[in-house]
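Asker: Sharing a sequence plus its predicted fold:
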Amino acid sequence: MVKSAYIHIPFCEHICHYCDFNKVFLQGQPVDGYLDSLGMEMKRRVDPTSKVDTIFVGGGTPTSLNAAQLDKLCAEINESLPFDQGEFTFEANPGDLTEDKLRVLKDHGVNRLSFGVQSFNDELLKGIGRTHKSQDVYTSVETAQKVGFSNISIDLIYSLPKQTEEDFKDTLTKALELDLPHYSAYSLIVEPKTVFYNLMRKGKLSLPSQEQEAAMYEVLIETMEKFGINQYEISNFAKEGYESKHNLVYWDNNEYYGLGAGAHGYINGVRYSNFGPLKKYMEPLADGGLPTIQEHKVTREEMMEEEMFLGLRKVEGVSKSAFIEKFGCSIESVFQSSLEEMQNRKLLLVDDERVALTKQGRFLGNEVFQSFLGVI
């Protein structure tokens, strides 16, 4: 039973230098036509008899839509996705969310906001292609709280060009002064087809060293701990009870609908992706079909690998009993050599109940995940 849905809104008012998500400039785009197509996909893809517990609307920038378009989108979601009570998140840019837009979201049952803050240093924000300033963060959070939103998360990025450890400490301090229930912090990854990638290829991108990046991550973990914000996943921290239920669906390797241009989903053991370009996404829907470009039936072996490398992102790790329940065999019987190697390197903790990353393992997570691939 699919209990979650991810919905992609590909429009942005500007494109950030590090972003490789499926997105287009908002101006001159067929926004209303896209929302109509999205409504068609929801009706065709979603099982109307099965309630979903989490909805996550991401992008792009969902809040680049105007209030009337947001109203149309939310009405369509509520009509097509049987959602009663649960977690309903919208991604937002600081500065994008007017009180009007916030009231539309609130009226339609949205109960969680995730702001793409990235940094509280205005110079760094400008350098990564963001158009908001740190002051916009305070204004947006205050307005959201005034409208009645209490479950608010902010995203930060570290290891940015020209960023120092001191600067990241300052950003963390300012973020935590907001006293929000959830924080995400990711190290910058330079992806192909981005402005940063092109600059890097020309030798014009000055990034912190791996040692500096690791030092920033250590500062992140220690600072969150000091403020009583619990690390529950490699990059995610929350007050008790405010962990992202939607993201846990991914890390628990459960199924979810992926709806919208370029979205990925996982239904009935099949991982699929949709066309990214708007025209290619909208055409099959206009013809009565679905916009799927690719499907892959996940094998049992792949499911076991995914269970490990997704589940190990969580601080609590992978439950041994849940693995046996899902696959009818123990983790040890499948991954003994990987477990031994990672334990010997002190990157993995194995006890009677679970397999989890050690603190050192969190710094080298990708190496650990890699060790579970292609060994069955």
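Answerer: Here it is on my side, so go on. Numbering: from 1, shown residues only.
Asker: and the residue most central in space within the chain, what does it touch?
Answerer: Geometric centre of the chain, nearest residue: residue 247, 6.6 Å, by Cα atoms, centre = their mean. Contact partners of residue 247, counting by Cβ atoms under 8 Å, 6 or more residues apart in numbering, are 56, 233, 236. From N, CA and C alone the C-beta is placed, and that goes for glycine too.
Asker: if we take those residues, which one ends up nearest to residue 350?
Answerer: Among the contacts of residue 247, residue 233 lies closest to residue 350 (Cβ to Cβ), at 19.2 Å.
Asker: Touching, the closest one and residue 312? I think so.
Answerer: No - with contacts counted by Cβ atoms under 8 Å, residue 233 stays clear of residue 312, the gap being 9.9 Å.
Asker: Comparing the two, which shows the higher neighbour count?
Answerer: Neighbours per residue (other Cβ atoms under 10 Å) separate residue 233 from residue 312, with residue 312 holding more: 27 against 20.
Asker: any idea how far the more buried one is from residue 263?
Answerer: 25 Å (Cβ to Cβ, to the nearest Å).
Asker: Residue 4 bridge partners, please.
Answerer: Bridge pairing for residue 4 (DSSP bridges) gives the partners residue 54.
Asker: Tell me, how many residues neighbour it?
Answerer: Neighbours of residue 4 (other Cβ under 10 Å): 25.
Asker: Residue numbering should commence at 6 henceforth.
Answerer: Understood, numbering begins at 6; the last thing we discussed is residue 9.
Asker: residues in contact with it?
Answerer: If you count contacts by Cβ under 8 Å, 6+ apart, residue 9 has them with 57-61, 251, 254, 259-262.
Asker: try 7 Å
Answerer: Neighbouring residues of residue 9 by Cβ atoms under 7 Å, 6 or more residues apart in numbering: 57-59, 251, 254, 261.
Asker: Nearest to residue 338 among these?
Answerer: residue 254 (26.6 Å).
Asker: hang on, that closest one in a helix?
Answerer: Yes - Residue 254 forms part of a helix when assessed by DSSP: H, G, I helix; E, B strand; the rest coil.
Asker: Quick check, it in contact with residue 262.
Answerer: No - look at residue 254 against residue 262 with Cβ atoms under 7 Å: they stay out of range, at 10.6 Å.
Asker: follow-up on the earlier one: generate JSON lines for the contacts of residue 252, with pLDDT as supplementary columns.
Answerer: Output for those, formatted as JSON lines (pLDDT from 0 to 100):
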{"residue": "61", "pLDDT": "98"}
{"residue": "238", "pLDDT": "98"}
{"residue": "241", "pLDDT": "98"}
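Asker: Redo the residues you listed as TSV? Include distance to residue 216 and secondary structure.
Answerer: Output for the contacts of residue 252, formatted as TSV (distance: Cβ to Cβ, whole Å; DSSP: H, G, I helix; E, B strand; the rest coil):
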residue	distance to residue 216	secondary structure
61	34	strand
238	24	strand
241	24	strand
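Asker: Now residue 146. Its backbone dihedrals?
Answerer: Backbone dihedrals for residue 146, given as degrees, to the nearest 10, come out at phi -60, psi -40.
Asker: Distance check, it against residue 104.
Answerer: According to Cβ to Cβ, residue 146 and residue 104 sit 13 Å apart.
Asker: for residue 50, same thing?
Answerer: Distance, residue 50 to residue 104, by Cβ to Cβ: 33 Å.
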